[in-house]
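Peer 1: sequence and computational prediction follow.
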Amino acid sequence: MQKVKLHLRRSILVIILLHITSLLCHAQPEFEGIGSTRKFMAHTDAANAMYHYFARQAYGYLNDRSTQIGKLSTLNNWQARQQLMRNKLKKAAGAFPQKQALKATITSTIKRIGYRVENVVYQSRPRFYVTASIFIPVKAQEKGPLPAVVYCSGHIWEGYRSAGYQTAILNLVKKGFVVLAYDPLGQGERLGYLDSATQRSRLVSPSSEHSYPGAQLFITGNTLANYFIWDGIRAVDYLLTRKEVDPNRIGITGRSGGGTQSAFIAAFDDRIRAVAPEDYVTSFNRLYQSLGPQDAEQNFMYGISSGIDMADLLAVRAPKPTLVIATSRDMFPIQGTLETVAEVKPIYNLYGKPDAFAMVTDDGGHESTKKNREAMYAFFQKALNNPGPSTEEQIELLTPKQLQATKTGQVATSYKAETVFSLNRKDAAGRIEGLDKKRKNSPDYLKSLLPVAKRISGFRKPLKIPKPVFTGRIPRNGYVIEKYMVKGEGDYDIPYLLFKPNNAGSRALLYLDPKGKAVYGSKLGELEWFVKRGIAVMVPDMLGNGELGPGVFQGDSYIDSVSYNNWFSAMLIGRSITGVHAGDIVMLSRVLKAQIGAKKVLGLAYSSLSPALLHAAAFSDDIDRVAMIEPYTSYRSIVENENYKPSFLHSTVAGSIGQYDLPDLAASLAPKKLLIINPCGADAKPASAKDIEREYSVTRKAFSVRNATANLSVEHGLGTNSSSLFEKWIKD
C-alpha cells in the first residue's frame, strides 16, 4: 500500500512538472518577445550587428585612404602627405601641454657588474609623476656619451620589471646602450585605481586601467594617447639631461602595448633617430577583421574617419631608420603587418634609403623571440652607430624591489599626485564654464547648439520610413501583441513587439529599456497600464541590446560586462552609439505613427537609453513628449565621477563636454511635456536635490521662458509606482 501511495505521488509530481514545463514553453516566446530573428537564417548573427556595422563604416574610410595612397608616385607627393599626416596626427592626439621642469629625482642606485641602475621619478606634467629606471653601462665613463634607447612596456602589471623585458633591456646595456625604461600609466608604480587593502588595481587588467579613465578623456575631447605620447617625449627630455647620453643617437622600442607607444612617440618626436616597434604594427583593416579596436591609448580621436592608419605612424618618419618586428602567429594579424610594410617601403625608396626601413619576423605567438631580439640589437647597433656583436647574452634579473622608484611602491601613496582623472576633470571644468556662458542666453543659444550636437553625436536623420516585416501575433485579454522587424540605420533589422489595444486611440508610445523586449516579463503591468488607456506600445531591441547584442565581441577592455572597445569603434569613425540609437528612434517613431495611424508618439526611456531618446526628441519633432526613468543627469556627471558606472558609457558622446550636455537637449524640448523620474548620478546612486537643481537649472529656465513650467516635472525619491505621474504626463 505504501509503494502504491509513493508511486501515485510520483505520478502526480510528474504530471505537475510536465504541465509547468508546457506552460513555460508556451510562455517563453511571449515573455522574452523572441520569435522574429530566430526564425530567419539571415539574422543568426544579429547579436553582433553593432560591431559589424561600425566595422563596415571603418572599411569605407580605410578603402578611401588606400585609394589616396595608390595615387602617390613621386617623392614630392609623399612629402606632401607626410606633412598632411603630421598635422592630422597632432589634431587627433590633441594639444600637448607646455613643458615644465621635470623635477627628476634619483631615488636609489644599484651597481652591477658592467652597469649601474638609477631609479628615477620625474614629472611629465606638474605633479604628474613618472616612475622609471635608467640603466647606464660602465662604458659611459670610459667612452663618453653613449647611444640611448627608451624602452616601453606592454600590458603587464609589473611593467619593465618582468623577466622578458629585462632580457631585452639588459642585453642592450651589455652592448653599450644607455636604456631608460619607464612605467606606462596604470602599470608598475603608476596604478590609477589602487586598492589600499591589496595594493593592487581595483580593475581587472592594465587595459581596463587605461580605458576606464580613457573614456572620460574622450568624452571631454581629450585622448589618453596624448598622455602616453607626452610621457615618452618627456622621457627623451630626461635622457637629454644626462651627460652619459649622446643626444644625436636616441632610439625607442617596446613590445605589444610598448610597440604601440614606441610607434606613437617616434611619430611625434623628431629627436628619436631610430624606432623598432614589436608585436604591434598591423593595419586597421585587418584589426577590424580579427581582434577589433584596442584599449583607449591605442586610439586617436576620430582617427579612422580622419584617414589615419598605422602605416602613417611609420611613413611620417621617413627616411629615419625603422625596424618593424613581428611574429607570424601574433594576435595582431601578420597580413596587416606585411601590407603596412609594403605601403611604407616606397617612400624610403624614393628618399634613396631603402635599407633604412626593414621588417623582421619569426614564427611565434604574441611574444618576444630570441631571433627578433637579436635583430633589434643589430638594428640599433647600426642605426645609432654602436657596432658590436648582436648575439644575446645571459643576464641576471633584478628584483622588482631593486627597480622600485617610489618609497611605497606606488605613486598614489608616495606623493600628493595628479591623476589622469583629476587632470581631465580640471580641463572639463574649464570647458563646462565656457558652455555655462552660452547658457546665459537661454533658450536662444539652443539654435546654434543643436546642429553641433547632431554633428558630434554622429546623428543621421532617417531619409525614409522602412516597411516592417510581420512575424507573429499573440492574443491577450483586451489587446494583441504583434511581432515585427524593421530595417535600422545600417544593415541590421530591429525586432520589436507592438502592443495593440482593442480600443486604440490616437496616441502611441515608444518604450525603450536597455534590456530590450525582455522587459515584457518584468514590466508587463506597466506596459498594460498604457495599453488599457488606448495607447499602443512599441518595445524594440535597440542596437546592442536584446536580440541585437551585445554579441561575442568584448575587446581587451571589458569592464562590468561592458565593451569599451565597441564604444571606441564608434568614436574612431566619428559616430556614437547614442547617435545611431537616436536615428533609429526617430525612424521607429515614424514607423509607429504610420503603423497605428497615431497622431502623436510619446517616448519613454529607462536608464542608459534616456540620452538616446533625448537626442532623438531634440533633433526631430516626431516625438510629442518625453519621459525618462532613472536617467543619469549629465555627461558632466560622468567625467566628474572617478567611479562612474560602466553601463552608462555606451550612451555617452565623445567630445561633448563644453559643446552640449543632456540638460541642454532637455531644455530644447520646451514647451513639450518632459517627465524625469528619480534621476541619478554617474555612479547610479540617486542624485541629491542640490545636484538636480544644478544640472536641470538650464532646463527649468528654458521651460520658464516659454511659459511651460507646468510641462516640466522632475521627481525624485519616489517608489516604483509612477502611475499618477504617467497619468499627468499622458494627459493633453
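Peer 2: Alright, I've got the coordinates. Numbers count the residues shown, from 1 in each chain.
Peer 1: could you use CA atoms for every contact and neighbour count after this?
Peer 2: Will do.
Peer 1: average pLDDT for stretch 442-452?
Peer 2: Average pLDDT, stretch 442-452: 94.
Peer 1: can you give me how far it is from the chain middle?
Peer 2: What separates the centre of stretch 442-452 from the centre of its chain is 28 Å, taken as Cα atoms, centre = their mean, to the nearest Å.
Peer 1: spatially central residue in this protein, please.
Peer 2: The residue lying closest to the centre of the chain (Cα atoms, centre = their mean) is residue 568, at 3.4 Å.
Peer 1: low pLDDT regions in the stretch 101-250 of the chain?
Peer 2: Counting by pLDDT under 70, the ranges of the stretch 101-250 of the chain that qualify are 140-141.
Peer 1: quick one, helices of it?
Peer 2: 139-143, 163-174, 206-220, 224-239 (DSSP state H, counting those that start in this stretch).
Peer 1: how about the residue nearest to the centre of the chain, what does it touch?
Peer 2: 293, 295, 296, 299 (Cα atoms under 8 Å, 6 or more residues apart in numbering).
Peer 1: got JSON lines for the residues you listed, with distance to residue 595 and secondary structure too?
Peer 2: Shown next, in JSON lines, are the contacts of residue 568 (distance: Cα to Cα, whole Å; DSSP: H, G, I helix; E, B strand; the rest coil):
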{"residue": "293", "distance to residue 595": "39", "secondary structure": "coil"}
{"residue": "295", "distance to residue 595": "43", "secondary structure": "coil"}
{"residue": "296", "distance to residue 595": "43", "secondary structure": "helix"}
{"residue": "299", "distance to residue 595": "43", "secondary structure": "coil"}
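Peer 1: most neighbours, which of the residues you listed?
Peer 2: When neighbours are taken as other Cα atoms under 10 Å, the top entry among the contacts of residue 568 is residue 296 (27 neighbours).
Peer 1: roughly how far does it sit from residue 569?
Peer 2: 10 Å (Cα to Cα, to the nearest Å).
Peer 1: for stretch 722-732, buried residues please.
Peer 2: Buried positions in stretch 722-732, judged by neighbour count with 16 or more other Cα atoms under 10 Å: 729, 730.
Peer 1: what mean pLDDT does it have?
Peer 2: 91.
Peer 1: ditto for stretch 477-492
Peer 2: Averaged over stretch 477-492, pLDDT sits at 95.
Peer 1: first to last residue in that stretch, what's the distance?
Peer 2: Start and end residues of stretch 477-492 are separated by 33 Å (Cα to Cα).
Peer 1: now it: buried residues?
Peer 2: For stretch 477-492, a neighbour-count test (16+ other Cα under 10 Å) marks 479-490, 492 as buried.
Peer 1: would you turn the residues you listed into a markdown table with secondary structure and distance to residue 600?
Peer 2: Formatted as a markdown table, the buried residues of stretch 477-492 follow (DSSP: H, G, I helix; E, B strand; the rest coil; distance: Cα to Cα, whole Å):
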| residue | secondary structure | distance to residue 600 |
| --- | --- | --- |
| 479 | strand | 20 |
| 480 | strand | 20 |
| 481 | strand | 20 |
| 482 | strand | 20 |
| 483 | strand | 21 |
| 484 | strand | 21 |
| 485 | strand | 22 |
| 486 | strand | 20 |
| 487 | strand | 22 |
| 488 | coil | 21 |
| 489 | coil | 23 |
| 490 | coil | 26 |
| 492 | coil | 27 |
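Peer 1: out of the contacts of residue 568, what pair is the most spread apart?
Peer 2: Within those, 293 and 296 form the most distant pair, 9.0 Å apart (Cα to Cα).
Peer 1: how many neighbours does residue 40 have?
Peer 2: Counted with other Cα under 10 Å, residue 40 comes out at 9.
Peer 1: again, but for the one 3 residues further on
Peer 2: Residue 43 sits with 17 neighbouring residues when counted by other Cα under 10 Å.
Peer 1: quick one: it from residue 368, how far?
Peer 2: Applying Cα to Cα, the value for residue 43 to residue 368 is 41 Å.
Peer 1: same question for residue 157.
Peer 2: 17 Å.
Peer 1: what residue ranges in the protein score low on pLDDT?
Peer 2: Ranges of the chain meeting pLDDT under 70: 1-39, 140-141, 720.
Peer 1: the same query, at a cut-off of 80, please.
Peer 2: 1-41, 139-143, 521-522, 718-721 (pLDDT under 80).
Peer 1: out of the contacts of residue 568, which is nearest to residue 79?
Peer 2: Closest approach between these and residue 79, by Cα to Cα: residue 299, at 24.5 Å.
Peer 1: got phi/psi on the nearest residue to residue 457 once chain neighbours are set aside?
Peer 2: Spatially, and ignoring its direct neighbours in sequence, residue 457 is nearest to residue 579 (4.9 Å; Cα to Cα, 6 or more residues apart in numbering). Backbone torsions of residue 579, given as degrees, to the nearest 10, read phi -60, psi -40.
Peer 1: from residue 318, how far off is residue 579?
Peer 2: Separation of residue 579 from residue 318 (Cα to Cα): 39 Å.
Peer 1: pick out whichever of those two has more residues nearby.
Peer 2: residue 579 (28 against 23).
Peer 1: wait, the more buried one sits on residue 614?
Peer 2: No. Between residue 579 and residue 614 there is no contact under Cα atoms under 8 Å: 10.5 Å.
Peer 1: pull the contacting residues for residue 405.
Peer 2: 107, 108, 119, 120, 121, 131, 132, 133, 189.
Peer 1: again, only using 10 Å
Peer 2: Shown in contact with residue 405 (Cα atoms under 10 Å, 6 or more residues apart in numbering): 105-109, 118-121, 130-133, 182, 188-189, 411.
Peer 1: gap between the residue nearest to it when sequence neighbours are not counted and residue 414?
Peer 2: In space, and not counting its chain neighbours, residue 405 is closest to residue 119: 4.9 Å by Cα to Cα, 6+ apart. Using Cα to Cα, one gets 15 Å for the distance from residue 119 to residue 414.
Peer 1: so if I had to pick from those two, which one is more boxed in?
Peer 2: The neighbour count for residue 119 versus residue 414, taken as other Cα under 10 Å, is higher for residue 119 (24 against 12).
Peer 1: related to what we said a few turns ago, what is in contact with residue 293 and residue 296 at once?
Peer 2: The contact sets of residue 293 and residue 296 overlap at 556, 564, 565, 568 (Cα under 10 Å, 6+ apart).
Peer 1: in the helix or strand hosting the third one, what counts as buried?
Peer 2: Secondary-structure element containing residue 565, defined by DSSP states H and E: helix 564-572. Within helix 564-572, the residues that qualify as buried by neighbour count (16+ other Cα under 10 Å) are 564, 565, 566, 567, 568, 569, 570, 571, 572.
Peer 1: closest to residue 195 out of the residues you listed?
Peer 2: Nearest to residue 195 out of the buried residues of helix 564-572 is residue 564 (Cα to Cα; 22.1 Å).
Peer 1: need phi/psi at residue 558.
Peer 2: When quoted as degrees, to the nearest 10, the phi and psi of residue 558 stand at phi -110, psi 100.
Peer 1: surely it and residue 564 touch.
Peer 2: Yes. Taking contacts as Cα atoms under 10 Å, residue 558 lies within contact range of residue 564: 6.2 Å.
Peer 1: for residue 297, give me its contacts.
Peer 2: By Cα under 10 Å, 6+ apart, residue 297 lies in contact with 93, 185, 207, 210-211, 214-215, 223-229, 257, 260-261, 264.
Peer 1: adding distance to residue 600, write the buried residues of helix 564-572 out as JSON lines.
Peer 2: Below are those laid out as JSON lines (distance: Cα to Cα, whole Å):
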{"residue": "564", "distance to residue 600": "36"}
{"residue": "565", "distance to residue 600": "37"}
{"residue": "566", "distance to residue 600": "34"}
{"residue": "567", "distance to residue 600": "33"}
{"residue": "568", "distance to residue 600": "36"}
{"residue": "569", "distance to residue 600": "35"}
{"residue": "570", "distance to residue 600": "32"}
{"residue": "571", "distance to residue 600": "33"}
{"residue": "572", "distance to residue 600": "36"}
